[in-house]
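> Prediction below, plus the sequence it came from.
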Amino acid sequence: MTGLAGTAKAFATFSLVPYLGILFCPAAVVLGAVGIVRSYRSPQVSDSTRIYYLSAIVGLGVLGIQVWFWWILYHVPAWVSVYSQFD
C-alpha cells in the first residue's frame, strides 16, 4: 500500500464519524479519484486500485448520508415547534 492509498483509506475511515465526518468525505473522494487516475497511468501502483475505488465510493456514500444528517439537524427546531403547538 502506497502513502496515497493509506491516506485515502484513512480519510474514508474517518468520514464514518457522524456529523464530523463531513470534513473528511471530500478528501476521501479526491484522494480516491487521484489514486484511480494514477493507477491507470502507472502500473506500479495498480495493486492499490481497489483501495482507491473503495475510498471514493465510501466517501461519496458517506457524504450523502452526512448531508442528510445535517439536513435533519437543521429542520429539527421547526419540527419541534410544530409538535409543541399540540401540547
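Nice, I can see it. Numbers count the residues shown, from 1 in each chain.

> low-scoring pLDDT stretches of this protein, where are they?
By pLDDT under 70, the weakly predicted segments of the chain are 1, 45-46, 87.

> 90 - rerun?
The chain contains residues with pLDDT under 90 at 1-5, 15-23, 38-50, 66, 69-70, 79, 81-87.

> Can you show me the helices along it?
For the chain, the helices defined by DSSP state H cover 3-14, 25-41, 49-84.

> What residues of the last one count as buried?
When burial is assessed from 16 or more other C-beta atoms under 10 Å, helix 49-84 yields the following buried residues: 51-56, 58-60, 62-63, 65-66. To be clear about C-beta, it is placed using only N, CA and C from the backbone, and glycine gets the same treatment.

> which outside residues touch stretch 53-72?
By C-beta atoms under 8 Å, 6 or more residues apart in numbering, the residues outside stretch 53-72 that reach it are 8-9, 11-12, 15-16, 18-19, 21-22, 24-29, 31-33, 35-36.

> Out of those, which end up buried?
Looking at the contacts of stretch 53-72 with 16+ other C-beta under 10 Å, the buried ones turn out to be 8-9, 11-12, 15, 21-22, 24-25, 27-29, 31-33, 35-36.

> OK, contacts around F24?
With C-beta under 8 Å, 6+ apart, F24 has these contacts: F11, A12, F14, S15, V17, G59.

> farthest pair in these?
Across the contacts of F24, the longest distance by C-beta to C-beta is 13.0 Å; it joins V17 and G59.

> List phi and psi for V17.
Main-chain torsions, V17, degrees, to the nearest 10: phi -70, psi 120.

> W79 versus the spatially closest residue to it that is not a sequence neighbour, what's the distance?
Distances taken as C-beta to C-beta, 6 or more residues apart in numbering put F24 closest to V17, at 7.6 Å, once the chain neighbours are dropped. Between F24 and W79 the computed distance is 28 Å (C-beta to C-beta, to the nearest Å).
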